[in-house]
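Enquirer: just the structure for this:
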Amino acid sequence: MSESSAAPTLINCVFIGNGAGSNGGGLHCSSDGIATLDHCVFYNNEAGLSGGGICSDVNASVTVINCTISDNQSPYGGGIFLWGGSITLENTIISFSSTGEGVGSFGGTVTLTYCDVYGNEGGDWVGPIADQFGVNGNICDDPLYVDRRNGDYHLTEDSPCIDAGNPSSPYDPDGTVADLGAFYFHQGSWIGDEGQNRHVSEYRLNPAYPNPFNPTTVISFQLPVAGFVTLEIFDVNGRAVGARHAVPLQNAWHPPGTHEVTFDGSGLASGLYIYRIQAGDYTASGKMVLMK
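Expert: The predicted structure follows:
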């Protein structure tokens, strides 16, 4: 993907197995482009010259938040390369580039906070980010993915990336401090510790995760006070489909805190589904895609 003089925001996107003859195997942000990447995954992308995962050009500006950039390759910047402009990364993992350093540049400004750069063939904290290791929450540890060989970049329970994100970032759907990377490690259905529940100060319906999904996804929500919660799920024709697919059952009283429902799409057709929550006067909805 290449963009110039535009300002896209990409959320929950996966860039896999793409190639470029020169720059930006997964994404090439050129000229005066401004891009924001939020909870995206880049893996197995390749560029002939620079930026196996992401390449940023000239006056471009790129913001990368909670992304996983792994197993990409390029002679310069297996994960990311900057020809100019600026790139800011937060709560992001850059790992296991098979060629090239994790982050490289020929100019511009690279800023990392609360990031893990590890296992890149051409070097980790080298070049434009050599002086950023060990400061601003940055680490160099094996992220301990579930099954990297098969493209599963979820974190295992021993991962050093759990709760290693910026404490000021929005909490993960389980109510804990943000993890690094695109996939958080779930630490419990309800955060019952009083100290954690003080952080739940508002109603919130979190994005379904993963999304797209097959066959299950998790829908989590937050309650600042106890109340009766109704969670409904519909297909694109408005037919309710959640009653026999969501566990635990909806339409129940919940204490304050963070809660979750697992939606199982087994037996349903691929497509778009709508989930809607009502708790007191609070109503919110979201979209999720079942992809078989």
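Enquirer: isn't Glu157 up against Asp163?
Expert: No - using Cβ atoms under 8 Å, Glu157 is not in contact with Asp163; the gap is 11.7 Å. C-beta coordinates here come from the backbone N, C-alpha and C atoms, glycine included.
Enquirer: SS state for Pro128?
Expert: Secondary structure assignment for Pro128 (DSSP: H, G, I helix; E, B strand; the rest coil): helix.
Enquirer: I meant Asp131, not that one.
Expert: Going by three-state DSSP: Asp131 is helix.
Enquirer: how about the helices in this protein?
Expert: In the chain, helices defined by DSSP state H lie at 194-197, listed in chain order.
Enquirer: break it into its domains for me.
Expert: Following automatic domain parsing, one gets these domains for the chain: 2-155, 194-290.
Enquirer: sorry, back to before: among Glu157 and Asp163, which residue is more densely surrounded?
Expert: Neighbours were tallied for Glu157 and for Asp163 using other Cβ atoms under 10 Å; the higher tally belongs to Asp163 (16 against 10).
Enquirer: residues touching the spatially closest residue to that one that is not a sequence neighbour, list them.
Expert: Sequence neighbours aside, Val177 is the residue nearest to Asp163 in space, at 4.3 Å (criterion: Cβ to Cβ, 6 or more residues apart in numbering). Val177 sits next to Asp163, Ala164, Gly165, Pro167, Ser169, Tyr171 when contact means Cβ atoms under 8 Å, 6 or more residues apart in numbering.
Enquirer: now the first one: phi and psi?
Expert: Main-chain torsions, Asp163, degrees, to the nearest 10: phi 60, psi 20.
Enquirer: give me the distance between it and Phe221.
Expert: In this structure, Asp163 lies at 21 Å from Phe221, with Cβ to Cβ, to the nearest Å as the measure.
Enquirer: any idea what the nearest residue to Gly286 once chain neighbours are set aside is bridged to?
Expert: In space, Gly286 comes closest to Tyr275 once its chain neighbours are excluded; the distance is 5.4 Å by Cβ to Cβ, 6+ apart. Note on Tyr275: beta-bridge partners by DSSP bridges are Ile233, Gly286.
Enquirer: and the residue nearest to Thr230 when sequence neighbours are not counted, how many neighbours?
Expert: What sits nearest to Thr230 in space, not counting adjacent residues and going by Cβ to Cβ, 6+ apart, is Gln278, at 4.6 Å. By the criterion of other Cβ under 10 Å, Gln278 has 18 neighbours.
Enquirer: how many neighbours does Ala6 have?
Expert: Residues contacting Ala6 under the criterion other Cβ under 10 Å number 12.
Enquirer: angles on the backbone of the closest residue to it other than its chain neighbours, please.
Expert: Nearest residue to Ala6, sequence neighbours excluded (Cβ to Cβ, 6+ apart): Gly33, at 5.5 Å. Note on Gly33: its backbone torsions stand at phi -70, psi 150 [degrees, to the nearest 10].
Enquirer: quick one: contacts for Gly48?
Expert: By Cβ under 8 Å, 6+ apart, Gly48 lies in contact with Ala20, Gly21, Ser22, Ser74, Pro75.
Enquirer: confirm for me that the last one is in contact with Gly51.
Expert: No - the pair Pro75 and Gly51 fails to qualify as a contact (Cβ under 8 Å) at a distance of 10.2 Å.
Enquirer: which of those two has more neighbours?
Expert: A side-by-side neighbour count of Pro75 and Gly51, using other Cβ under 10 Å, places Gly51 first with 33 against 16.
Enquirer: backbone dihedrals for that one, both of them.
Expert: Per degrees, to the nearest 10, the backbone of Gly51 is at phi 70, psi 70.
Enquirer: how much space between the closest residue to it other than its chain neighbours and Gly53?
Expert: The shortest distance from Gly51 to any residue that is not its chain neighbour, by Cβ to Cβ, 6+ apart, is 3.8 Å, and that residue is Phe81. The gap separating Phe81 from Gly53 is 9 Å, by Cβ to Cβ.
Enquirer: more crowded one of those two?
Expert: Shown here are Phe81 and Gly53; by other Cβ under 10 Å, Gly53 has more neighbours (37 against 32).
Enquirer: how about the strands of the stretch 101-250 of the chain, start to end?
Expert: Secondary structure of the stretch 101-250 of the chain by DSSP state E, counting those that start in this stretch: the strands cover 103-105, 109-113, 116-118, 145-147, 152-155, 204-205, 216-223, 227-235, 246-247.
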